[in-house]
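Asker: turn this into a model:
(2 chains)
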Protein chains: 2
Amino acid sequence: MMYIAGVDIGGTNIKTGIVGLDGRVLKKSSIRTGVERPWEAVADDIAREVRSLADKLSVPLAQLKGVGVGCPGSINSETGCVDYANNIGWEGVPLSKGLSDRLGLSVRLCNDANAAALGEATFGAGRQYRDVVFITLGTGVGGGVIIGGKLFEGNESKGTELGHTVIQRGGELCTCGRRGCLEAYASATALIRDTKVAMRKNKDSLMWKAAPTLNDVSGRTAFDCAKEGDPAAKRVVDEYLEALGEGLCDFINIFRPEAIILGGGVCAQGDALLTPLRVFTKNFSYGGEHGPAVELLIATLGNDAGLIGAASLLL
Amino acid sequence: MMYIAGVDIGGTNIKTGIVGLDGRVLKKSSIRTGVERPWEAVADDIAREVRSLADKLSVPLAQLKGVGVGCPGSINSETGCVDYANNIGWEGVPLSKGLSDRLGLSVRLCNDANAAALGEATFGAGRQYRDVVFITLGTGVGGGVIIGGKLFEGNESKGTELGHTVIQRGGELCTCGRRGCLEAYASATALIRDTKVAMRKNKDSLMWKAAPTLNDVSGRTAFDCAKEGDPAAKRVVDEYLEALGEGLCDFINIFRPEAIILGGGVCAQGDALLTPLRVFTKNFSYGGEHGPAVELLIATLGNDAGLIGAASLLL
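Answerer: The predicted structure follows:
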């Protein structure tokens, strides 16, 4: 039996797992990233976790096809190098080589959002499709694109920055420096911002019950109160869904994937998200009902998507 | 020696050519499309043109690798069927089979904008690149995407509707029914519309010299007068370039191609288009100067791009 090691590097924690060729996580661990350390120390830790997990499963390293790693930031998957990762403070880190030297295994590296996309497309919500667009609605809006069953990354793996496409010229300032990006409207951060604005304007809104102070506002506040019929909350949710819907229509018109998978914190809203978005995308995507249907789905692998996707780089 | 027949079906004319494996057009013809006729009559004409051109070159049909066809509208390149082509009035036309039956040759069919994209990427401005985005700035804004040297078309060939991505939510009404699409700002049609609006507002503009009546306005009017220093014309051009620039940044962030090729009528502006767009895309694409460079180029094959690209479907 062969297995794969999957690694999901985050700003706070590093998740490591031994994954079967069927995408099942057999054993996993989580350690602190410790971004203040030199990258070599982090690589030492990852190598130790891989050995330790394999050992616990009585799997010799020779039975590992290799190690797949998802890492935040700007990754060159061809060179196996972390070109620049702001939130872990890495620049020009030859991580693939570092791990390969430590473990004597082949190592594949990609961006963490791309890894999650590949995981969901291969073993999660998209497993029956070959052309999939994955979008995370979290602190930011990230994305990954699978074409013909394979991860599409663009030149030097710098493509599929789906959150940084403009839907509103001159609109809200985005973290990337442009104005009006999808991320500035469809991230959880944007949803929270707009919820707070609506609360300030509507002192009698139910949202003040759900979140007694503005610090209590979360990505759920507006969705929860909209369900209760609060008009101000409903406006926030409608506006959020329309902005996201415009983005989804753009991706449908560009990629015409078989399925779009939504991940990230906001996707916990489930049908409150999917049902209106299905209507919107049907109405406004190019060709309308004449075009091939695009399934809208919620991600199913949760926090393991990155780990499993990283592992599936070795498949 | 082997050759390929290329066919470019348009609303008015059908161009047919015999193309070498190096992309050179050895002989070509143009006939009326005659959209009022049944499609079978059009297929008869195309087959006759292919035979006649081959005959003039003393090339037996057996020396043709096949026939590549670019056709407007919604094409399913897998089934070889014209699903729906509004401007030639076709619906569910099995064109590949029709031509194959008439000529005894293998036939490949794709959308005309995709054919032009493939032509430019394979033998035109993009011949040294493998990842290319092609955008036509004409009556509408069309596009084609080449990934790894191959045409990317999306599910049922319904993708890469690059002109129908929204850059301005709730903005100008687009022909597709949505508001704010790139096409509604960056097409020659939009440029002419905005030129007329500016002329109505600026009775002393130089543009009234270049176009004595609003009916004389073309896609060149504002560009020509901006070069002469006319402030109203300059505002039209700046606004046009910024809208187009936003679209290009989106495509860079999504695909991170090696090159973007601009075709269509507006690309006659050459450096007046490229120079400001290069600055804009460098400033506003994700990762700015840290990302891999994306070349902006003007298409070089002109009206033969579709013909040559259709032929290269057989390569």
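
Asker: ok, now how distant is the residue in the stretch 101-250 of chain A that chain B sits nearest to from residue B:17?
Answerer: At 3.2 Å from chain B, residue A:154 is the closest residue in the stretch 101-250 of chain A, using Cβ to the nearest Cβ. Backbone N, C-alpha and C define where each C-beta goes, glycine included. According to Cβ to Cβ, to the nearest Å, residue A:154 stands 33 Å off from residue B:17.

Asker: more crowded one of the two?
Answerer: residue B:17 (26 against 22; other Cβ atoms under 10 Å in any protein chain shown).

Asker: once you drop chain neighbours, what's closest to the residue of the stretch 101-250 of chain A closest to chain B?
Answerer: Here the nearest residue to residue A:154 in space, its sequence neighbours aside, is residue B:256; by Cβ to Cβ, 6 or more residues apart in numbering or on different chains that works out to 3.2 Å.

Asker: quick one, what contacts that neighbour?
Answerer: By Cβ atoms under 8 Å, 6 or more residues apart in numbering or on different chains, residue B:256 lies in contact with A:153-156, A:158-160, B:131, B:291-292, B:294.

Asker: please repeat the previous calculation with a cut-off of 6 Å.
Answerer: Residue B:256 sits next to A:154-155, A:158-159 when contact means Cβ atoms under 6 Å, 6 or more residues apart in numbering or on different chains.

Asker: before we move on, back to that, was I right about the residue of the stretch 101-250 of chain A closest to chain B contacting residue B:254?
Answerer: No. Checked against Cβ atoms under 6 Å, the pair residue A:154 and residue B:254 is beyond contact range at 7.7 Å.

Asker: count of neighbours near the nearest residue to residue A:1 once chain neighbours are set aside?
Answerer: In space, and not counting its chain neighbours, residue A:1 is closest to residue A:63: 6.6 Å by Cβ to Cβ, 6+ apart. Per other Cβ under 10 Å, the neighbour tally for residue A:63 reads 14.

Asker: gap between residue A:63 and chain B?
Answerer: 33 Å (Cβ to the nearest Cβ, to the nearest Å).

Asker: what does residue A:35 give?
Answerer: Distance of residue A:35 to chain B, given as Cβ to the nearest Cβ: 20 Å.

Asker: quick one: the closest residue in space to that residue that isn't next to it in sequence from residue A:299, how far?
Answerer: Excluding the flanking residues, the one nearest residue A:35 by Cβ to Cβ, 6+ apart is residue A:88, at 4.7 Å. Computed as Cβ to Cβ, the residue A:88 to residue A:299 distance reads 23 Å.

Asker: which SS class is residue A:118?
Answerer: The three-state label for residue A:118, taken from DSSP: H, G, I helix; E, B strand; the rest coil, comes out as helix.

Asker: show me which residues of the stretch 151-300 of chain A sit near chain B.
Answerer: A:154-156, A:158-159, A:161, A:164-169, A:176, A:178, A:246, A:250, A:253, A:255-256, A:258, A:284, A:286, A:291-292 (Cβ under 6 Å from any Cβ of the partner chain).

Asker: got phi/psi on the residue nearest to residue A:35?
Answerer: Dihedral pair for residue A:88: phi -120, psi 0, per degrees, to the nearest 10.

Asker: list of residues touching the helix or strand containing residue A:275?
Answerer: Assigned by DSSP states H and E, residue A:275 belongs to helix A:271-284. Helix A:271-284 has contacts (Cβ under 6 Å, 6+ apart) with A:223, A:241, A:245, A:248-249, A:296, B:178.

Asker: neighbours around the closest residue to residue A:217 other than its chain neighbours, how many?
Answerer: Closest residue to residue A:217 apart from its sequence neighbours, by Cβ to Cβ, 6+ apart: residue A:211 at 4.5 Å. Using other Cβ under 10 Å, the number of residues around residue A:211 comes to 22.

Asker: for residue A:211, give its distance to residue A:195.
Answerer: With Cβ to Cβ as the criterion, residue A:211 and residue A:195 are 8 Å apart.

Asker: which neighbours do these two share?
Answerer: In terms of Cβ under 6 Å, 6+ apart, residue A:211 and residue A:195 are both contacted by the residues A:217, A:221.

Asker: helix, strand, or coil at the residue lying farthest from the centre of chain A?
Answerer: What lies farthest from the middle of chain A is residue A:204; by Cα atoms, centre = their mean that is 35.7 Å. Three-state call for residue A:204 (three-state DSSP): coil.

Asker: again, but for residue A:127
Answerer: Going by three-state DSSP: residue A:127 is coil.

Asker: contact partners for residue A:165?
Answerer: Residue A:165 touches A:182, B:250, B:253, counting by Cβ under 6 Å, 6+ apart.

Asker: quick check: chain neighbours aside, which residue is closest to it?
Answerer: Once flanking residues are discounted, residue A:165 sits nearest to residue B:250: 4.2 Å by Cβ to Cβ, 6+ apart.

Asker: how about residue A:294?
Answerer: residue A:252 (5.2 Å).

Asker: how does chain A divide into domains?
Answerer: A:3-122+A:304-312, A:128-299 (automatic domain parsing).

Asker: chain center to the first one: distance?
Answerer: Right, domain A:3-122+A:304-312. Distance, stretch centre to chain centre, for domain A:3-122+A:304-312: 16 Å (Cα atoms, centre = their mean, to the nearest Å).

Asker: burial measure for the nearest residue to residue A:34 once chain neighbours are set aside, as a count.
Answerer: The spatially closest residue to residue A:34, leaving aside those adjacent along the chain, is residue A:42, at 6.7 Å (Cβ to Cβ, 6+ apart). The number of residues packed near residue A:42 is 23, by other Cβ under 10 Å.
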